[in-house]
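Q: Just a sequence and a predicted model for now, questions to come.
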Amino acid sequence: MKLTDPVKAVKGIGDKTTKTLEKLGIYTVRDLLCHYPRGYEVYELPVPIRELKEGQIVAIEASVATFVEVHRRKGLQIVSCNVQDPTGTIRLTWFNQVYLKNVLKRGVHYIFRGKVVRKNAVLVIDQPKIYKKDEYRVLLNVMQPVYPLTDGLTNRTLQKAVDQALVLTEFPEDYLPKRVVKEQCLIPWLAALREIHFPKARDTMLEARKRLVFDEFFQFVLQLRYLKEHRSKERNSFVIRETAHCSELIDELPYTLTAGQQKVIEEIRADMTGETVMNRLIQGDVGSGKTILAVYALLLAAENGYQGCMMVPTEVLARQHYEAMLELLTPFGIRVCLLTGSMTQAAKRAAYEQIAAHEADIIVGTHALIQEKVVYDKLALVVTDEQHRFGVHQRENLSKKGEHPHILVMSATPIPRTLAIVLYGDLDVSLLTELPADRLPIKNCVVGTTWRPNAYRFIEKQVAEGRQAYVICPMVEESEEIEAENVAEYTQKLEESLPANCRIGMLHGKMRPAQKNEIMEQFASGELQVLVSTTVVEVGVNVPNATVMMIENAERFGLAQLHQLRGRVGRGKHQSYCIFVNGSERPEAKERLEIMNRSNDGFLIAQEDLKLRGPGDVFGIRQSGELEFTLADIYQDADVLTAANAAVSKLSQEEYLKICAELPQNGEKAFY
C-alpha cells in the first residue's frame, strides 16, 4: 500500500467502516496513521478495594455480591451492582449496557477495571471493563493505545487497522535533512510513527512524541515563513481613506476607548491606507474590546466602496455580531449580511446574490463564508475571530476569495510573547493589555468538592436576582458517548438541587449543530437560567447577564483554557464570579489553581502556565483546540517549538526549497 491509497485498502476495513472513519477525517492510509492515540491504557496488578482512592483508574479482583439492577434515568439505562473482595465492597455502574444483567453472576470472580469516582459521598467505579483472569494477565504492563472514536467504531478496530497499515505500507524517506535529525536528537519518522501507536515503554513513546511534535511545529513554522515571504511583497491595491463616519462611530460609542484600543485603531488605519497589504493580529485578553476594532476596520473598507467579511467559530456568535453591527452601522448606510451553515437553502441563495451583486457591504458568518458558492465583489478585508479555532489553511482559503485583501486576525487566547513571536510569525502583532474601565474584575474562588452544595446555593441566589450561570461539567474521559451521559447525569443532579422554577439546559459534543445552536440561543435570550455544558461554550456565545462560571474538576484543564472559560462571564454591568472546583488532592493541582484565584490577567496566567507545564502527563491537560496541532501543546512543548523555529531559520536555501515543494496541501496532516 501507499500512504495516498484510500483507507479501504487496509485489510479488514469494509464499506461500513470506511464511512465511519470518514466522520473522523480519515480518508487515506496517511490519515489513519496520523490519527494518533489520545492516551494509553497501562494494565497493572489488581489492588484491594480498601486501598481505592477517588480519581484512580484501577483494576480490582472481586466477586459479584448482589443482583444486577437496572434503573432508567433521563433516557439512560443505568446498570449497577456491588462487588466485594476480602478487604471491602464497592458499587459498579454502567450506562446503557443492560446485557450485563445476564453476563454477571453472583459469587463469580472477575477483574473489573475503571475509574474510581465519588457519588453522593460514596466511592463507585464508573463504566468498568470486565475481564477473566487469563485475559487480564496477557495485558499486564503493556501500553495499549486508546484512540479518539466516533459512533460505530471500536478502539479494537482502529488498533487492528493501524497495525495492518504499519506492516503493509511502503514508506518514503524521511523528509527532514539528516543534519537536523542529528542536531535535534530526533528518532526517524517511521520509528516514531510505530512507537506512538504501539510503544514498547513510556520512554520510547516520549521519544516518538517528541519527533512528531517537532514535525508539527517545523511544518507550521515553514508555512508561516512561506506566507510571510509572499505577503511582504503584496502591494495594497485598495484606495482607502478614513471618512467622517469612521470618526463618528468612535465618538458615538456609549463608552470611551482605552489607550490600547486607540493605538490599535491607528495601526489599522496606517495599515489599510499604506503601501502594502495589512496582515495584523490583535491579541487581547478576554473582554479587552477587540470586536469594536474589527467593526472600525470593516466600516473603513465599506466606506471606500469595498466589501469586508468577518468569520467566527459558532453560528450563535455570528448572529450576535451581525445584530450588533446592524445597530451600529445601519445609520451610516452600511448593509450587513449574515451567512451561516444552518440557514435554509433559500436564505443562503439570497445571501449569495446579495454578496455577488455588492448589495451587502459587510458579511458576517461561520465557515460558510469560504464555500465555493460564495463570490465576493471587491473583497478588501478579511477578519477572523478566535483565530486559533480556524488555522492557517482556513484563513488562507478565505483570503483567496479576494485579490490580496487585508487580513485582520483576533485572538483572546493568552500566549506568552516569546511563543507568540513564533506562532504568529506571519503577522504584525497588536497587544491589548488593559480592560475597559466599566468592566468589573471577576471574583474567583478555588474550592474542594465538599463545597459543592454551597456553590449550588450561590447559583440559586444569583438566579433569583435575575442572573444566569454556567456549570462546566466534569468529563469522565474524552469520549462523546461518555461525555453526553455525564452531562445528563450532572444536569439531573442540578435539577434536584435547584428550585423547580429554575430552567436548566445541557450542552455537549454529541449534539447535532442545530441542537447546540438552539440551546445556546435559549441561554442567550434568558429562556434558560443555568447551562450545564462541556467546554463547547469556550468561545460560543456572549451573554452579558451570566454572572457565575462554575468549573468542575478544574484541575483537568490548562490554565489558558480555564481563563477562556472564565471569560464567558464578566461581560455585563453586574459583578461576576468564577468557582473553580478542585477534584484532586495533589498539591501541584492546588498550586496551579491558586494562580487562577489570584489573577484575572490572561497574559500573566499564560506565562505562569508556561513555567508550570512539564513533560509529565503528555496526554493530560491540553489547551482545547489550540491552533491546529494534533499532538503538540505550545505550553508543554515550548522548548520543542523554539527548537523547530531555530531549525527552520538555519535551513539552507536549497533545503528550504526542497522541503517547501513537499509542504502539505489542503490541510493534509503530514508531508508523506
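A: Thanks, I have it.
Q: Strands along the stretch 301-450 of the chain, start to end?
A: 307-311, 336-339, 362-365, 379-384, 406-411, 428-432, 443-448 (DSSP state E, counting those that start in this stretch).
Q: could these go into JSON lines alongside mean pLDDT?
A: Shown next, in JSON lines, are the strands of the stretch 301-450 of the chain (pLDDT from 0 to 100):
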{"stretch": "strand 307-311", "mean pLDDT": "95"}
{"stretch": "strand 336-339", "mean pLDDT": "96"}
{"stretch": "strand 362-365", "mean pLDDT": "96"}
{"stretch": "strand 379-384", "mean pLDDT": "93"}
{"stretch": "strand 406-411", "mean pLDDT": "89"}
{"stretch": "strand 428-432", "mean pLDDT": "86"}
{"stretch": "strand 443-448", "mean pLDDT": "95"}
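Q: closest one to Leu100 among the ones you listed?
A: strand 443-448 (33.2 Å; C-beta to C-beta). Glycine gets a C-beta too; all of them are placed from N, C-alpha and C.
Q: Include mean neighbour count when you put the strands of the stretch 301-450 of the chain into TSV, please.
A: Below are those laid out as TSV (neighbours: other C-beta atoms under 10 Å):
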stretch	mean neighbour count
strand 307-311	26
strand 336-339	22
strand 362-365	26
strand 379-384	27
strand 406-411	25
strand 428-432	18
strand 443-448	16
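Q: Same list (these) but as TSV, adding distance to Glu242.
A: Shown next, in TSV, are the strands of the stretch 301-450 of the chain (distance: least, C-beta to C-beta, whole Å):
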stretch	distance to Glu242
strand 307-311	15
strand 336-339	20
strand 362-365	17
strand 379-384	14
strand 406-411	14
strand 428-432	18
strand 443-448	41
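Q: Out of those, the one nearest Trp189 is which?
A: strand 406-411 (30.8 Å).
Q: quick one: contacts of that closest one?
A: Applying C-beta atoms under 8 Å, 6 or more residues apart in numbering, the external contacts of strand 406-411 come out as 236, 238, 268, 271-272, 277-284, 290-291, 293-294, 297, 301, 380-388, 395, 399, 424, 427.
Q: next helix or strand past the longest helix along the chain?
A: In the chain, assigned by DSSP state H, the helix with the most residues is helix 202-231. Using DSSP states H and E, the helix or strand that follows helix 202-231 in sequence is helix 244-251.
Q: tell me which residues in the longest helix of the chain are buried?
A: For helix 202-231, the neighbour count (16 or more other C-beta atoms under 10 Å) marks 204-205, 207-225, 227, 231 as buried.
Q: Ok, stretch 145-156 next?
A: Buried, per 16+ other C-beta under 10 Å, within stretch 145-156: 145-149, 153, 155.
Q: Just send these back as TSV, with distance to Leu76, secondary structure and pLDDT too.
A: Listed next are these as TSV, based on distance: C-beta to C-beta, whole Å; DSSP: H, G, I helix; E, B strand; the rest coil; pLDDT from 0 to 100:
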residue	distance to Leu76	secondary structure	pLDDT
Pro145	28	strand	93
Val146	23	strand	91
Tyr147	24	coil	93
Pro148	23	coil	89
Leu149	19	coil	88
Leu153	21	coil	92
Asn155	22	helix	92
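Q: Tell me the one of those residues nearest Val541?
A: Within the buried residues of stretch 145-156, the smallest distance to Val541 is 25.5 Å, found for Pro148 (C-beta to C-beta).
Q: Please name the nearest non-neighbouring residue to the closest one.
A: Closest residue in space to Pro148, ignoring its immediate chain neighbours: Arg38 at 5.2 Å, by C-beta to C-beta, 6 or more residues apart in numbering.
Q: thought that neighbour was touching Val146?
A: Yes - taking C-beta atoms under 8 Å as the definition, Arg38 is a contact partner of Val146 at 6.0 Å.
Q: quick one, what contacts the residue nearest to Phe629 when sequence neighbours are not counted?
A: Distances taken as C-beta to C-beta, 6+ apart place Glu216 nearest to Phe629, at 5.1 Å, with adjacent residues excluded. Each residue near Glu216 by C-beta under 8 Å, 6+ apart is listed here: 629-632.
Q: Okay, the residue nearest to Pro148 and Ala324: tell me how far apart.
A: 38 Å (C-beta to C-beta, to the nearest Å).
Q: What are the boundaries of the helices in the stretch 251-400 of the chain?
A: Ranges of helices within the stretch 251-400 of the chain are 259-272, 291-303, 315-329, 345-356, 392-399, based on DSSP state H, counting those that start in this stretch.
Q: Please identify the most buried of the ones you listed.
A: Among the helices of the stretch 251-400 of the chain, ranked by average contacts under mean count of other C-beta atoms under 10 Å, first place goes to helix 291-303 (a mean of 24).
Q: Please state the offset of that one from the chain centre?
A: 28 Å (C-alpha atoms, centre = their mean, to the nearest Å).
Q: Who are the packing partners of it?
A: helix 244-251, helix 259-272, strand 307-311, helix 315-329, strand 362-365, strand 379-384, strand 406-411 (3 or more C-beta pairs under 8 Å, 6 or more residues apart in numbering; DSSP states H and E).
Q: try it again with 7 Å
A: Helix 291-303 sits against helix 244-251, helix 259-272, strand 307-311, helix 315-329, strand 379-384, strand 406-411, with contacts defined as 3 or more C-beta pairs under 7 Å, 6 or more residues apart in numbering; DSSP states H and E.
Q: Let me see the mean pLDDT of that helix.
A: For helix 291-303, mean pLDDT is 96.
Q: Please list the residues outside it that contact it.
A: Residues from elsewhere that reach helix 291-303, judged by C-beta atoms under 7 Å, 6 or more residues apart in numbering: 240, 242-243, 245-246, 249-250, 261, 264-265, 268, 272, 282, 308, 310, 321, 325, 328-329, 334, 361-362, 380-381, 383, 408, 410.
Q: so Leu494 makes contact with Val532?
A: Yes - between Leu494 and Val532 there is a contact under C-beta atoms under 7 Å: 6.1 Å.
Q: of these two, who's got more company?
A: The neighbour count for Leu494 versus Val532, taken as other C-beta atoms under 10 Å, is higher for Val532 (27 against 19).
Q: would Thr642 count as being in a helix?
A: Yes - assessed by DSSP: H, G, I helix; E, B strand; the rest coil, Thr642 belongs to a helix.
Q: Gln261 versus that one, what's the distance?
A: 31 Å.
Q: ditto for Tyr635
A: Distance, Tyr635 to Gln261, by C-beta to C-beta: 28 Å.
Q: now Leu153
A: The gap separating Leu153 from Gln261 is 48 Å, by C-beta to C-beta.
Q: do Ala560 as well
A: Distance of Ala560 to Gln261, computed by C-beta to C-beta: 23 Å.
Q: if I read this right, Phe523 contacts Met506, doesn't it?
A: No - Phe523 is beyond contact range of Met506, at 10.6 Å (criterion: C-beta under 7 Å).
Q: Tell me the gap between the longest helix of the chain and the middle of its chain.
A: That offset, for helix 202-231, works out to 19 Å (C-alpha atoms, centre = their mean).
Q: same question, stretch 186-203
A: Centroid separation for stretch 186-203 versus its chain: 26 Å, with C-alpha atoms, centre = their mean.
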